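Chemist: Need the 3D shape of this:
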Amino acid sequence: MILVVEDDQAIQGGIVEDVLSEGGFEVAIAASGEEAVTLLSGETGQYQALVTDIGLLGRFDGWEVARRARKTNPDFPVVYMIILSTVEKRPISVDATAPSRRRSGEQLRQRA
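Modeler: Numbers count the residues shown, from 1 in each chain. Next up is the predicted model:
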């Protein structure tokens, strides 16, 4: 199952869920970073990957959700997405020195 974290209701049940479902994945939706962290900590191993909006409102943004997911599993696959109208204008950096952990959809399905 893929955990999608998105606080915009128009996007929650839209294209992201449709694309993942068409790819053969089960999808769970969290409407906030806080909800996502609770789900990730409550069901160890239930989720194969995380797709998160980095501009989430609330206490935990998408970066923090990913950090917490990777705290228990450093190899946990994360896909970051951004809706430009919801993100403050601030520098965003990704660790380009980190080894690539690209996985195909088939590899993710096999991890279940």
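
Chemist: mind listing the helices for this protein?
Modeler: All helices of the chain, identified by DSSP state H, fall at 9-12, 15-22, 33-42, 62-72, 105-111.

Chemist: Can you name every helix or strand that the second one contacts?
Modeler: Right, helix 15-22. When contacts are defined as 3 or more C-beta pairs under 8 Å, 6 or more residues apart in numbering; DSSP states H and E, helix 15-22 sits against strand 2-5, strand 27-30. Every C-beta, even on glycine, is put in place using the N, C-alpha and C of the backbone.

Chemist: Single out the most deeply packed of those strands.
Modeler: Of these, the one with the most neighbours on average (mean count of other C-beta atoms under 10 Å) is strand 2-5, at a mean of 25.

Chemist: Please save the CA atoms from that strand in CSV.
Modeler: Extracted in CSV, the C-alpha atoms of strand 2-5 (Å, rounded to 0.1, in the frame of the first residue of the first chain):
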residue,chain,number,x,y,z
ILE,A,2,1.2,3.5,-0.9
LEU,A,3,0.6,6.3,1.6
VAL,A,4,-0.3,9.6,-0.1
VAL,A,5,-0.1,12.7,2.1
